[in-house]
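Chemist: Here's a sequence, model it:
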Amino acid sequence: MTATEIVKNYLMKEPFRGVTMNRILIYAGPCMGVWSLFFLAYFPGMMSQDSLDQWVQVIKFEFDDWHPAFLTILYWLLSRIWFSPAVVCLFQILALALVFAYGMIKLEKIGAPVWSLVLITLFFSLFPLNGFYVNTLFKDVPYGIAFLLIFIYSILILETKGQWLYPVRNLFLFALTLSFVLVIRHNGILAVLAVVGSLGFFYSRHLKKIGILVALIASVVVFIKVPVYRAFNVTGRFYGVEILLTHQIAAAIHHGAELKPEETEFLAQVLPMSCWKACYNPYNSDDLVFNKDFNYLLLDTDLGKSRFRSTWFAIVSRNIPILLKHQYQVSDLVWNVGQQPGSYTYAVHPVLDANDMGLAFNSKLPSLQKIFTKFYYYSVHSSRLGPLLYRPALYFYAIVLMTLLVAWRLKRISLIFLIAPLVINTLGVLLTIPAQHVRYLYPNFVIAPFVFGYLVVLLNRSRKNEKTNARVLETSR
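Modeler: Numbers count the residues shown, from 1 in each chain. Take a look at the predicted model:
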């Protein structure tokens, strides 16, 4: 059996059973075609310092959990096929294209009109953020892909009033996807809780299946976090809480908050007092938490961690107005379609950062690379294109508004189940965002066209039902 036949046989199995290869290619083909141009232009892939940190771990076979270790382990496994960051990009291109095709086939089956399917396919394949992101080693990319798959599964649950959960295969696939979301980003637990919670609320009659789903998720996560992490000698942890608290403490100090002597003495052990004030930027915590003088070793001790959190609470509780102003500024990307003065939009990383591993761009289409890069820098600073292409708040508002309007129009409150994970994920980012990085909210962009497509299906179905009822009523007279 040839490699092509093996792939074809796999694709023809669930979740593609009953679907011809032509249907898959109709939707996945344009995506893979366009995104391959980005792949060739930015070969072997765009990499930030975070990406390079993970690739160093792949090379050294030394894994830590600052960036989710599970993703780094996946990078290592992929590198067994081809020892290049390019293999990750190819995998991301294929994964997003196939999930997109799966979702489109499902929309087609439940009655999406042809014009909407064409429009969504054009948008999704040509949307520049997708082309850039699938060719960048950001953990947010596989997170966004899994988030999209969860949304598609949620549509199927809605369409079947929960019955989709009953086949063991479906329940297992759903559990695997939710587990992936949970381990691929440290804040993924919020989305998982939103899915499980909204399932329990809207589909309480299926509590047994929901309980099995939770048990499966817990089993997969424990398996990954314990035996798998031990096998790969995973060390370290993510300092997310410390980053959040540091930024808020610096805000208070920067704005002149009075500190008690013991607070000053302790904070000076964490970071020089001059830097607490001078290094504060309301829109970015990097100068504080990645400062060479920041004492992470102190915060690794139980006593240091406990004292740091109690010091934060004492300072912040005395300076609530400063905290509110800080949160208003740092969360700019989440709620603001435009930008506050001094804020910025970091959407794409169209470079491969300097490194000592010998990694550098080897573009196969250098002229196209220049065009793509020039377009990005022009569009991200454009007052018209910038919000349209790179501000996740615009997509969040559109998703929530469209869904609520259709839910009200059709009297279907269960539609809230669809957007609950996205809303909770966005609120989580709102409260914890450390910098204006668009990738944190990548799910907003990939889900938006599917929300539009599904709502069109529901409105069309409602219109047809109204016409049918009108004809029946007329006939009965």
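Chemist: use CA for all of it now, contacts and neighbours both
Modeler: Will do.
Chemist: Report the contact partners of P421.
Modeler: Going by CA atoms under 8 Å, 6 or more residues apart in numbering, P421 touches L190, A191, V192, L193, A194, V195.
Chemist: now the helices for the stretch 51-200 of the chain?
Modeler: With DSSP state H, counting those that start in this stretch as the criterion, the stretch 51-200 of the chain has helices at 69-79, 86-109, 114-126, 128-133, 140-159, 168-184, 188-202.
Chemist: Dump these to a markdown table, plus distance to T432, mean pLDDT and mean neighbour count.
Modeler: Shown next, in a markdown table, are these (distance: least, CA to CA, whole Å; pLDDT from 0 to 100; neighbours: other CA atoms under 10 Å):
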| stretch | distance to T432 | mean pLDDT | mean neighbour count |
| --- | --- | --- | --- |
| helix 69-79 | 21 | 95 | 20 |
| helix 86-109 | 27 | 96 | 21 |
| helix 114-126 | 29 | 96 | 16 |
| helix 128-133 | 22 | 98 | 22 |
| helix 140-159 | 16 | 96 | 22 |
| helix 168-184 | 17 | 95 | 20 |
| helix 188-202 | 12 | 93 | 19 |
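Chemist: out of those helices, nearest to G236?
Modeler: helix 69-79 (9.6 Å; CA to CA).
Chemist: Just list what the closest one packs against, helices and strands only.
Modeler: Here helix 69-79 touches helix 49-60, helix 86-109, helix 168-184, going by 3 or more CA pairs under 8 Å, 6 or more residues apart in numbering; DSSP states H and E.
Chemist: And it, how far out from the chain middle?
Modeler: Its chain's C-alpha centre and that of helix 69-79 lie 18 Å apart, by CA atoms, centre = their mean, to the nearest Å.
Chemist: relative to helix 168-184, how tilted is it?
Modeler: 110 degrees (axes from the mean of the first three to the mean of the last three CA atoms, to 10 degrees).
Chemist: Wait, S198 touches I419, no?
Modeler: No. Between S198 and I419 there is no contact under CA atoms under 8 Å: 9.7 Å.
Chemist: roughly how far apart are the residue nearest in space to the middle of the chain and F132?
Modeler: Nearest residue to the geometric centre of the chain (CA atoms, centre = their mean): G144, 3.8 Å. G144 sits 13 Å away from F132, going by CA to CA, to the nearest Å.
Chemist: sorry, back to before: tabulate the contacts of P421 (TSV), appending distance to T136.
Modeler: Converted to TSV, the contacts of P421 look like this (distance: CA to CA, whole Å):
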residue	distance to T136
L190	24
A191	23
V192	25
L193	28
A194	28
V195	28
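Chemist: shaky segments in the chain?
Modeler: Scanning the chain for pLDDT under 70 picks out 1-20, 469-470, 472-477.
Chemist: In it, where's the longest helix?
Modeler: The residue-count maximum for a helix in the chain (DSSP state H) belongs to helix 442-476.
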